[in-house]
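1. my questions concern the predicted model and sequence given below.
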Amino acid sequence: MVTLRPFKALRPHKKYVDRVAALPYDTMNTEEARIMAKDNPYNYLRIDRAEIDLDPQIDIHDPRVYEKAGQNLRDFIDKGIFIQEEEPGLYIYRETMDGRVQVGIVGCLAVDESLDGIIKKHEHTKPDKVEDRTRHIEACQANTGTILVTYRNDTIVDAIIADQMTQVPLYDFISEDGVGHTVWKLDVQARDGLVKAFEGLDNLYVADGHHRTAAAENYAKKMRKKNPNYTGQEEFNYYLAMIAPENNLYVMDYNRVLTDLNGHSLEEYLDLVGKIFHIEAVGQAYKPEKKYQYGMYINDQWYKLDLREEVVAEIREKSKNTAIDLLDVSLLHDLLIEPILGIDVPQKDKRIDFIGGIRGLEEIEKRVDQDMKLGFALYPTAIEELMAVADMDGVMPAKSTWFEPKVRCGLFLHMMD
């Protein structure tokens, strides 16, 4: 049974919505956020990445950054940029990107169901990023980011959504990157019907937003310590999510760049890699075409890596958990990144960074040419692989999936009071 909770949304006034909506905070760095928000005082990044309104030299985890986030949110409310719903509601959010449509329900989910495994996860998180978003929630007294959650398709839910999408939308605009965004507020009958329909689902799956999910859990635990007589109905026991069926989601590759070869010369490194992969130098950037295939960029040269069949066969024979061990991200880590490059916990190691597939292979080249040593292009993880791992309470390597289109932040906030 899944709890879908209507909430009193804090959302943009219609005349500001296209200027408020912004990509999630973790899809860009501070300088990129400054550029995105330039000349737009309504951009939600002024709340989600409030350092852009402070001295460029300030540390992004400085207490003044979180204070500024809370101050900017209050300013948006005071100026009427955000308006508060008087009654709890649920929303349909449709995104259209390159002809693909992603549709989901926006509402609140229960922290307890996230903690006890009804809402399943599949990735480790970086402690510093979880702490950052926890402090952000505390400063804003709100869930400021919308987590993308998925479920196995349900005909009852589909029918309610289809019916409500025939109504007049609350918002309908195209963002600067060409993605269309349409929002409907459900009527009371549909709202209550969806709440009932979700009670019939066994599980949900966090697709995109593990750090924000962990931050919501952290915040709830802190508040429960401060309020030992809590009832479970307080808003801090719930967090904001867009819940979309699995057949709506599009998963892209999530690539890696690394700072060094762990003390190996290039010749030594390629020799070690060649024992596991067939290596072929190629004349242009290489995007993998199938599982067990990788692109590698180093010293202005791209290589095509094909995992040797005998290596796959041995892993399949010996593995106690092929759902995890035969993921492309697992194989790259277990066979190359950890044993050859010496990185055992990527989410804590500053020698590795991650690049979402939406940025293209040119971003790998850019990073390697500027401040890294080598990069890997991966074949995308399938949504079925994600759910299979989560169903067995398994954990994939950090940053295994990149979903597009991204759920825009600033369209909905869940206030804690």
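-> Looks like it came in fine. Numbers count the residues shown, from 1 in each chain.
2. in the helix or strand hosting Arg64, what's buried?
-> Arg64 is part of helix 63-78, with elements assigned from DSSP states H and E. Across helix 63-78, burial judged by 16 or more other Cβ atoms under 10 Å covers Val65, Tyr66, Lys68, Ala69, Gly70, Gln71, Asn72, Leu73, Phe76. Just so you know, the C-beta spots here come from the backbone N, C-alpha and C atoms, and that holds for glycine as well.
3. then stretch 380-397?
-> Those would be Pro380, Thr381, Ile383, Glu385, Leu386, Met387, Ala388, Val389, Ala390, Gly394, Met396, Pro397, for stretch 380-397 by 16+ other Cβ under 10 Å.
4. just stretch 230-245 next, same as before
-> Of the residues in stretch 230-245, those buried by neighbour count under the rule 16+ other Cβ under 10 Å are Glu235, Phe236, Asn237, Tyr238, Tyr239, Leu240, Ala241, Met242, Ile243, Ala244, Pro245.
5. likewise for stretch 354-373?
-> Applying a neighbour-count criterion of 16+ other Cβ under 10 Å, one finds 355-361, 363-368, 372-373 buried in stretch 354-373.
6. mind checking which of those residues land in strands?
-> Mapping the buried residues of stretch 354-373 onto strands (DSSP state E) picks out Ile355, Gly356.
7. which two among the buried residues of stretch 354-373 are spaced furthest apart?
-> Farthest apart among these by Cβ to Cβ are Ile358 and Lys373. That separation is 23.2 Å.
8. what two of the buried residues of stretch 380-397 are the furthest from one another?
-> Pro380 and Gly394 (18.3 Å).
9. and the helices in the stretch 151-300 of the chain, which stretches?
-> Remark: helices assigned in the stretch 151-300 of the chain by DSSP state H, counting those that start in this stretch are 155-164, 188-199, 210-226, 266-274.
10. now Arg5: phi and psi?
-> phi -110, psi 120 (degrees, to the nearest 10).
11. and it, what are its bridge partners?
-> Bridge pairing for Arg5 (DSSP bridges) gives the partners Cys108.
12. begin at 16, not 1, for the rest of this chat.
-> Sure, I'll start counting at 16 from here, so that last one is Arg20.
13. got the contact list for it?
-> Residues near Arg20 by Cβ atoms under 8 Å, 6 or more residues apart in numbering: Pro103, Gly122, Cys123, Leu124, Ala125, Val210, Tyr253.
14. of these, grab the buried ones for ChimeraX.
-> A single ChimeraX command selects the buried members of these (16+ other Cβ under 10 Å):
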select :122,123,124,125,210,253
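15. any chance of the contacts of Arg20 in TSV with distance to Lys421 as columns?
-> As requested, these are exported to TSV (distance: Cβ to Cβ, whole Å):
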residue	distance to Lys421
Pro103	26
Gly122	19
Cys123	20
Leu124	19
Ala125	24
Val210	26
Tyr253	22
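16. what is the nearest of the contacts of Arg20 to Lys302?
-> Nearest to Lys302 among those: Leu124, at 35.1 Å, using Cβ to Cβ.
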